[in-house]
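# Mind folding the following:
(chains A, B, C, D, E and F)
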There are 4 protein chains.
Amino acid sequence: MKKKAEERKNQILRAAFQAVSTQGYNSVTLQSIADHAGVSKGVVHYYFDNKEDTLSQLLEWITNKIYKHELKAVDSESTPLDKLKAYVNSIFVSPEENEKFYKVYLDFLSQATRNETYRKINHSFYQQCWGITSNIIIFGQETGVFDQSIDVEKASKTMRSIVDGLLIQWLMSEDINSHEYYKEICYQSFLKHLKIT
Amino acid sequence: MKKKAEERKNQILRAAFQAVSTQGYNSVTLQSIADHAGVSKGVVHYYFDNKEDTLSQLLEWITNKIYKHELKAVDSESTPLDKLKAYVNSIFVSPEENEKFYKVYLDFLSQATRNETYRKINHSFYQQCWGITSNIIIFGQETGVFDQSIDVEKASKTMRSIVDGLLIQWLMSEDINSHEYYKEICYQSFLKHLKIT
Amino acid sequence: MKKKAEERKNQILRAAFQAVSTQGYNSVTLQSIADHAGVSKGVVHYYFDNKEDTLSQLLEWITNKIYKHELKAVDSESTPLDKLKAYVNSIFVSPEENEKFYKVYLDFLSQATRNETYRKINHSFYQQCWGITSNIIIFGQETGVFDQSIDVEKASKTMRSIVDGLLIQWLMSEDINSHEYYKEICYQSFLKHLKIT
Amino acid sequence: MKKKAEERKNQILRAAFQAVSTQGYNSVTLQSIADHAGVSKGVVHYYFDNKEDTLSQLLEWITNKIYKHELKAVDSESTPLDKLKAYVNSIFVSPEENEKFYKVYLDFLSQATRNETYRKINHSFYQQCWGITSNIIIFGQETGVFDQSIDVEKASKTMRSIVDGLLIQWLMSEDINSHEYYKEICYQSFLKHLKIT
DNA sequence: GATGAATGAGTCTTCATTCAT
DNA sequence: CATGAATGAAGACTCATTCAT
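Residues are numbered from 1 along each chain as shown, chains lettered A, B, ... in the order given. Here you go, the predicted model:
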């Protein structure tokens, strides 16, 4: 029985993701989420306390999915450079995916500036992201591929900032097909930053 | 008479900035903007067509102010490195100022993903920002301070992404006093990126 | 379930009729309609798209009711003259009823001059009214009671104009008790017009 | 000085007529009336107490103008039949004029059902209209052109109802070019009613 | 568990009216 | 006299939330 409830929640979260991505955090209605999920409005309230609860669980769910996706990609490679490449590839998936996710993610960032719950969830996500790059950098330093003088913490923050910042610029650009171009900038910036010797 | 109207609009835009920064783009009400400006609700409608008009003019006004502020800071220095330093200083003004502006700015970024008007205004802002760093980089290359091989366009995008990305991470951090720390990361990342010779 | 919704809509339309009759088309508020129906404001919006939708459905509902009432009265008689008499009786029901309906009807006529939806609904109503009198006239001509030379279409238009025009004059008169007098004028005008032989 | 004020008021009333005809009684704003008159909003309030005062003076002004127009037309003819013809002609002036006036007039009728001031003004207008036809009928009876048995009061009411009713039907028709047709119906109905011998 | 009818708080928006200049 | 800036009351509409079925 528990399983069924879990599935139901996932179904609603998936629907919520679609709905928020299309309509935006503030324009989205519980009715619209219910419609996307193919259930009635009451169901959403049955599985979630209220609108904010629904959406904060969505943030947790989606950031966790993204993190796992990135982690898996990095783990499946064995050299620092391959891991770095895999990381960038796992982030710049496709214009469609990135657009959908970053629209929602920007909404949450915007909310998080004034909502402690969201802020904390997002902070955890950042820590996970920093963790991935930290591991890559340390591994690279240990194997002599990356510059020894790099401050791991600082570099991780810079790398995350490049990812977020570039994808935001891409979203704001007039040309959605510049996706590949921004991906390139990201990877080259990473390399430059880690001063490959 | 025209002057008075212009002042009135600025007064309302200042109030709107305060109100949006505190309450957020979507929670802000025209009533609250009017309250912040110390005028009646009707006045806002007298000077602006509607809520969206008010807020899009706010975005234009605030990004323009920020751009001019950065430009002035950079122009007042004469060497590439001083200009770079001045640019970073003009961005990382103070925790209070940065928090206020970036809260509002994130709100607008979030809106811009689904609103062409906002997107365009923000795109113009980006072009202005890219322009500032491009000039610094080219100047540095001409004077032999920065690496000749740097792709100016790409570097400018990376630099803007570092600024945005770091300030977002700073906003999300638990420690608002890490402002100085993030500023440092920004400057060091810039230097590393321009491969000072 | 469908039936309940239908009843609810009728309940609201009845309430809307009362409200419009009392306050007038433009002064009526959805709140007032809700009050008259003994429901909350939201209910009206639940069953109708918006104010105009509510009121245009009211126009359709009320004109249809009037038409059916007139038709039934005429159908229950068997001679042309009796039908004519029944028609007049079905129109001039009582001062209270006529006042209530014609106040609302004048409101809609006034709206219909600038609103295609209302104009069309009202045009349909006119066609139904013309149909009733046309049938009476043709029946009268066939049975040799009415003048053969009467142009059925023209006569129907004149007859409807006499009904509308007289009831408007009655509404504008200082003496609401002149109802019977205006009814008499109507019937006599009809007879004169059909040149009873 | 008095003359200038009178002209000013007329200028505003003319503007109000245009504005009401286009936008409707309830949609019209004092701003729009001021715009049509080419003056500022304040001016309207200077010459009229408030919106209702403006519009009730408009009703008086416009009905008076119509009455004088009809009276003049009738007075310029010398035989009963010519007077009757002239009366119809003075009413069915042109599609444009009739449309403009009857839109406004229907608005006022609709208001008059719940506003004593308007009702009285309109009742006076009706008395004037009845007066015109009464005179024609009596003149026709005296000269032996019309049926002696006609009840003058009743016939006048019927004749006014035919005018109002037909013009309303014409306004509601899909074909605004049927103007001539409705005029014909009006004249023929009048003749039929007065039983020309 | 699921549905969707009902509620009502909260906002934008319009506009008559006032009044200082 | 004329202007138009300012006010604020009023109303349509949205939607999260509740709850009876």
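# tell me the secondary structure for whatever residue of chain A ends up closest to chain D?
Closest residue of chain A to chain D, Cβ to the nearest Cβ: A:Ser27 (29.8 Å). Every C-beta, even on glycine, is put in place using the N, C-alpha and C of the backbone. Using DSSP: H, G, I helix; E, B strand; the rest coil, the structure places A:Ser27 in coil.
# So for whichever residue of chain A sits closest to DNA strand E, what's the pLDDT?
Residue of chain A nearest DNA strand E, by Cβ to the nearest atom of the strand: A:Gly42 (1.9 Å). Listed pLDDT for A:Gly42 reads 91.
# Give the burial count for it, as a bare number.
Neighbour count for A:Gly42, taken as other Cβ atoms under 10 Å in any protein chain shown: 9.
# Look at it and give its secondary structure.
helix.
# Need phi/psi at the residue of chain A closest to chain D.
phi -90, psi -20 (degrees, to the nearest 10).
# so what pLDDT did it get?
94.
# ranges for the strands of chain A?
Taking DSSP state E, chain A contains no strands at all.
# Which residue, other than its chain neighbours, is closest to the residue of it found nearest chain C?
Here chain A gets closest to chain C at one residue, A:Gln31, 12.1 Å apart by Cβ to the nearest Cβ. Of all residues not flanking A:Gln31 in the chain, A:Lys41 sits nearest, at 5.5 Å (Cβ to Cβ, 6 or more residues apart in numbering or on different chains).
# residues in contact with that neighbour?
A:30-31, A:34 (Cβ atoms under 8 Å, 6 or more residues apart in numbering or on different chains).
# same deal with A:Val152?
A:Val152 touches A:134, A:137-138, A:141, counting by Cβ under 8 Å, 6+ apart.
# can we see that at 10 Å?
A:130, A:133-138, A:141, A:146 (Cβ atoms under 10 Å, 6 or more residues apart in numbering or on different chains).
# Just put those in CSV and tack on neighbour count, pLDDT and distance to chain D.
CSV is the format used below for these (neighbours: other Cβ atoms under 10 Å in any protein chain shown; pLDDT from 0 to 100; distance: Cβ to the nearest Cβ, whole Å):
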residue, neighbour count, pLDDT, distance to chain D
A:Trp130, 18, 97, 59
A:Thr133, 24, 97, 61
A:Ser134, 16, 97, 65
A:Asn135, 17, 97, 67
A:Ile136, 27, 97, 66
A:Ile137, 26, 97, 66
A:Ile138, 14, 97, 70
A:Gln141, 17, 95, 72
A:Phe146, 25, 94, 70
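# Can you add distance to C:Ile91 and give those residues back as JSON lines?
JSON lines is the format used below for these (distance: Cβ to Cβ, whole Å):
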{"residue": "A:Trp130", "distance to C:Ile91": "83"}
{"residue": "A:Thr133", "distance to C:Ile91": "85"}
{"residue": "A:Ser134", "distance to C:Ile91": "88"}
{"residue": "A:Asn135", "distance to C:Ile91": "89"}
{"residue": "A:Ile136", "distance to C:Ile91": "89"}
{"residue": "A:Ile137", "distance to C:Ile91": "91"}
{"residue": "A:Ile138", "distance to C:Ile91": "94"}
{"residue": "A:Gln141", "distance to C:Ile91": "97"}
{"residue": "A:Phe146", "distance to C:Ile91": "95"}
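# And chain A, what are its domain boundaries?
A:1-48, A:51-193 (automatic domain parsing).
# List phi and psi for A:Arg114.
According to degrees, to the nearest 10, A:Arg114 has phi -130, psi 10.
# Tell me the pLDDT of A:Lys195.
79.
# residues in contact with it?
For A:Lys195, the contacting residues are A:146-150, B:192, B:195, by Cβ under 10 Å, 6+ apart.
# quick check, distance from stretch A:190-197 to the centre of its chain.
Centroid separation for stretch A:190-197 versus its chain: 24 Å, with Cα atoms, centre = their mean, to the nearest Å.
# cool, stretch A:167-174 as well?
Using Cα atoms, centre = their mean, the offset of stretch A:167-174 from its chain centre is 16 Å.
# got it, and stretch A:153-160?
On Cα atoms, centre = their mean, the centre of stretch A:153-160 falls 16 Å from the chain's centre.
# That stretch and chain B, any residue contact?
Yes. Using Cβ under 10 Å from any Cβ of the partner chain, stretch A:153-160 reaches chain B at A:153-160.
# can you tell me which of those residues lies nearest to D:Thr79?
A:Arg160 (99.4 Å; Cβ to Cβ).
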